[in-house]
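Chemist: next come a sequence and a model predicted from it.
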Amino acid sequence: MKIDAHQHFWKLDTKLYDWPTPGLKPIYRDFLPGDLDMHLKRHNIKQTIVVQAAESIEETEFLLDLADQYEFMGGVVGWIDLSSAEFPNHFKRLLKWPKFVGIRPMLQSMANDHWILKPEVKRNIRLLVENDFPLDLLIYPKHLRHIVELLKEFPSLRAVIDHCAKPNIKEQQWESWADWIEEVSKYETLMCKLSGLVTEADHQSWEIHEFKPYIHHIIQCFGHERIMFGSDWPVCLLAADYDDIVQILHENLPKELTVEEIELLYGGNAKRFYRLP
């Protein structure tokens, strides 16, 4: 079964969002399940993981309500403030939703690059570990060293790096990103989403071959059982449409991948990681 392990919905008039902003015209409108359905059918994708886009429990509940209405929404990665003393109470309450499958702090936008290592955050990370509950990591390459430190302390934490940690493909960023990706991939409970790369390239003039070294490096480091396909729709619309995203990954995969390995990338790994029924 094919799974898109990373996509978003939002409804701007709910006033829950400070992003996207009006200047981002391709994505500054509502995006709801009916807008995605035709893309999923065209590519024979049966389920998705919808991921939070606002630092708001209310948005998480909005997505969980949507997931109750649409069978293709296999799970919701939501938001709770990991630094809050109220985290355990909110976490316990949201666990009552069967499609609540993960938490994502928005680390990329925080002023403190090592926020994830604060004592009050680590207390709540420990609760995730105790419940074997996964964490999505929205980060830049500069955060990878801090993720290594986190995993040294919590080696059994199940986590996934979103968007390959967002290397600056437009500026051909490589060495610092590649070295830290190799280092962090040594932790076997960590996975990586092959998603979001197109928006790190030049939005107007990217070429398919640009992504090949990044995709190959992720697969080489993480192996075939710790990678997932994600569209990052509709954010991808800033640079490409859904068909482009599928083509970029397909044409840049190593030719020697077996059928079984491709099935893991396009669904099997996401199903296992998020414990989808």
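Modeler: It's in.

Chemist: spell out for me which residue occupies the centre of the protein.
Modeler: The chain has residue 162 as the residue nearest its centroid, 3.7 Å off, counting by Cα atoms, centre = their mean.

Chemist: contacting residues for that one?
Modeler: Residues near residue 162 by Cβ atoms under 8 Å, 6 or more residues apart in numbering: 6, 51, 104, 136, 137, 138, 139, 193, 195, 196, 230. In short, each C-beta sits where N, CA and C put it, glycine included.

Chemist: now, which of those residues lie within strands?
Modeler: Those of the contacts of residue 162 mapping onto strands are 6, 51, 136, 137, 193, per DSSP state E.

Chemist: the second one and residue 136 touch, don't they?
Modeler: Yes: using Cβ atoms under 8 Å, residue 51 makes contact with residue 136 at a distance of 6.5 Å.

Chemist: report the contact partners of residue 203.
Modeler: Going by Cβ under 8 Å, 6+ apart, residue 203 touches 238, 239.

Chemist: just residue 160 next, same as before
Modeler: Taking Cβ under 8 Å, 6+ apart, we find residue 160 in contact with 134, 135, 136, 137, 190, 191, 192, 193, 228, 273.

Chemist: redo the ones in strands among the contacts of residue 162 as JSON lines? Include pLDDT and distance to residue 244.
Modeler: Converted to JSON lines, those look like this (pLDDT from 0 to 100; distance: Cβ to Cβ, whole Å):
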{"residue": "6", "pLDDT": "99", "distance to residue 244": "16"}
{"residue": "51", "pLDDT": "98", "distance to residue 244": "20"}
{"residue": "136", "pLDDT": "98", "distance to residue 244": "23"}
{"residue": "137", "pLDDT": "98", "distance to residue 244": "25"}
{"residue": "193", "pLDDT": "99", "distance to residue 244": "17"}
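
Chemist: return the member of these nearest to residue 58.
Modeler: residue 51 (15.8 Å; Cβ to Cβ).

Chemist: give the helix, strand or coil label for residue 204.
Modeler: Classification of residue 204 using DSSP: H, G, I helix; E, B strand; the rest coil returns coil.

Chemist: with adjacent residues omitted, what lies nearest to it?
Modeler: residue 239 (7.9 Å; Cβ to Cβ, 6 or more residues apart in numbering).

Chemist: same question, residue 33
Modeler: Closest residue to residue 33 apart from its sequence neighbours, by Cβ to Cβ, 6+ apart: residue 70 at 4.8 Å.

Chemist: counting neighbours, what do you get for the one you found?
Modeler: 17 (other Cβ atoms under 10 Å).

Chemist: gap between it and residue 228?
Modeler: Between residue 70 and residue 228 the distance is 20 Å, computed by Cβ to Cβ, to the nearest Å.

Chemist: below-threshold pLDDT in the stretch 151-277 of the chain: ranges please.
Modeler: Residues of the stretch 151-277 of the chain meeting the criterion pLDDT under 70: none.

Chemist: how about the strands in it?
Modeler: 159-161, 190-194, 227-229 (DSSP state E, counting those that start in this stretch).

Chemist: quick one: strands adjacent to the longest one?
Modeler: Here the strand partners of strand 190-194, with direction, are listed using DSSP bridges: strand 159-161 (parallel), strand 227-229 (parallel).

Chemist: now render those as JSON lines, adding distance to residue 262.
Modeler: What follows is those, written out as JSON lines (distance: least, Cβ to Cβ, whole Å):
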{"stretch": "strand 159-161", "distance to residue 262": "19"}
{"stretch": "strand 227-229", "distance to residue 262": "10"}
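
Chemist: tell me which of those sits nearest to residue 243.
Modeler: Of the strands paired with strand 190-194, nearest to residue 243 by Cβ to Cβ is strand 227-229, at 13.9 Å.

Chemist: mind listing what's buried along that closest one?
Modeler: 227, 228, 229 (16 or more other Cβ atoms under 10 Å).

Chemist: what's the closest of those to residue 89?
Modeler: Using Cβ to Cβ, residue 228 is the member of those that sits closest to residue 89, with 30.4 Å.

Chemist: tell me who's in contact with that closest one.
Modeler: Residue 228 sits next to 3, 5-6, 160, 191-195, 265, 269-270, 273 when contact means Cβ under 8 Å, 6+ apart.

Chemist: let's see if you can find the most crowded of the residues you listed.
Modeler: Of all the contacts of residue 228, the highest neighbour tally under other Cβ under 10 Å goes to residue 5, namely 32 neighbours.

Chemist: nice, that's everything, thank you.
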